[in-house]
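Student: Could you look at this predicted model? Sequence included:
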Amino acid sequence: MDNLLAVIAELGLELHPDRIDVIAAKVDTLGSVEQFALLKSSFGPNADKELISRFDQAWNNNKKVAPRDVASALRGASATAALRESRGTVEMVWTGPSTGQIPVRHTEQVLCEVINHAKRRLFLVSFVAYEVNSIITALRNAIGRQVQINILLELSSGHGGKVSNHDSVKAMRKALPSINIYAWASHKNGTGTYGATGSVHAKCAVADEEFAFITSANLTAAAMERNMELGVLVKGGNLPIELHQHLEALVATKIIEQI
C-alpha cells in the first residue's frame, strides 16, 4: 500500500491538477484495477510512460484498493502538491567540486531552466556578462516566445562603472539587440558609505513572478563552468513575486535606468 501511495503522490507532483482531475474521473468509472488499460489515454500524449507503468504495477500489487479510493487519493495528492507549490519550494544550486554525497544541479542548468520557463517576463541581474553561449541561446529562444527581457548590468569604467576590462552592456546589446538593458549609475545619485560609489553586485533571475534564482554567479563562462558558486532556486510562493516587484520598482523610481 505504501508503494501505491508513493506513486500517487509522485503523480500529484508531476501532473497538472486539471490532468489529475481527468484521470481521477476516469478511475471512478473503472470496476477494478484489471481495467487499467482503459485509463491510459487519460494521461495524455506526453505522459511519462515509466511513471504510468509504475502506477499500474503498484495498484496491481494492491488489488483490494477500490477505484474510488484511488481516485480520492489522486485528488488529495494533487491538492497537496498545489498547496506545496503555493508555499514555494527551495533547491540548492552548486557549481564547483562535488562530493557525490549531496545531489545538486549546476548553475548553468538551473539558469537555463528559469529562462526557458519564462512566458511573459524575465529579469536578470549580474555584475558582468560575457562568454555564456548557452545562456545567450536560451535568451534568444525566449525572445522568440515574445518574452520581455530586462537585464541590469554594471557599467564599464569608461561609462562611470566598476568594470575595467569588459563592456558587458555593449556585448549584450550586440548579442541581443531587442532586450532592455538597465544600469545603476550610483555616481549620479550620491555616494555610499565612506564616500565610495556602489556597484551592481547582486546576481539573480526571476521569471513570470514564479521562478526566482538567487546566486553568487555572474553571467560568465567561469561562473557557469569553473568557479565555486552557490545559489538557491525558488519555485512558487511569495519570494519570486516580491523580487520581481522590487526590480520593477527600481525601474519605476529611476534608481536604475534603461540605457
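Tutor: Great, that's in hand. Numbering: from 1, shown residues only.
Student: and the spatially most central residue of the chain, what pLDDT?
Tutor: In the chain, the residue lying closest to the centroid (CA atoms, centre = their mean) is Val114, at 3.6 Å. Listed pLDDT for Val114 reads 98.
Student: Hmm, Ala205 and it touching each other?
Tutor: Yes - using CB atoms under 8 Å, Val114 is in contact with Ala205, at 4.9 Å. To be clear about C-beta, it is placed using only N, CA and C from the backbone, and glycine gets the same treatment.
Student: Need the overlap of contacts for these two.
Tutor: Common neighbours of Val114 and Ala205, counting by CB atoms under 8 Å, 6 or more residues apart in numbering, are 122, 211-213.
Student: Determine the three-state secondary structure at Ile143.
Tutor: Following DSSP: H, G, I helix; E, B strand; the rest coil, Ile143 is assigned to helix.
Student: That one: neighbour count?
Tutor: Residues near Ile143, counting by other CB atoms under 10 Å, number 16.
Student: Give me the distance between the closest residue in space to it that isn't next to it in sequence and Glu154.
Tutor: Leaving aside its chain neighbours, Ile143 sits nearest to Ser178 (5.8 Å; criterion: CB to CB, 6 or more residues apart in numbering). Separation of Ser178 from Glu154 (CB to CB, to the nearest Å) stands at 21 Å.
Student: neighbour-wise, which of the two wins?
Tutor: Neighbours per residue, other CB under 10 Å: of Ser178 and Glu154, the larger number sits with Glu154, 25 against 10.
Student: Which of the shared contacts of Val114 and Ala205 fall within helices?
Tutor: For those, membership in helices holds for none, with DSSP state H as the criterion.
Student: Which single one of those is nearest to Leu4?
Tutor: Closest to Leu4 out of the shared contacts of Val114 and Ala205 is Phe211 (31.7 Å), distances taken as CB to CB.
Student: Now for that closest one, how many residues are close by?
Tutor: There are 21 residues near Phe211, going by other CB under 10 Å.
Student: wait, what's in contact with it?
Tutor: Going by CB under 8 Å, 6+ apart, Phe211 touches 113-114, 117-118, 205, 233-235, 240.
Student: hmm, 10 Å instead?
Tutor: Neighbouring residues of Phe211 by CB atoms under 10 Å, 6 or more residues apart in numbering: 110, 113-118, 122, 205, 233-236, 240.
Student: Likewise for Glu108?
Tutor: Going by CB under 10 Å, 6+ apart, Glu108 touches 93, 95, 132, 134-135, 138, 217, 221, 223-225, 229.
Student: Any quick PyMOL command for the buried ones out of those?
Tutor: The buried residues among the contacts of Glu108 can be selected in PyMOL (16 or more other CB atoms under 10 Å) with this line:
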select buried, resi 93+95+132+135+138+217+221+223+224+225+229
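Student: Can you spell out which helices and strands pack onto the longest helix seen in the chain?
Tutor: The helix that spans the most residues within the chain, counting by DSSP H, is helix 67-87. In terms of contacts (3 or more CB pairs under 10 Å, 6 or more residues apart in numbering; DSSP states H and E), helix 67-87 is packed against helix 2-14, helix 17-29, helix 49-60.
Student: Strands of this protein, start to end?
Tutor: 89-95, 121-126, 129-130, 148-153, 180-183, 204-207, 211-215, 219-220, 229-235, 257-258 (DSSP state E).
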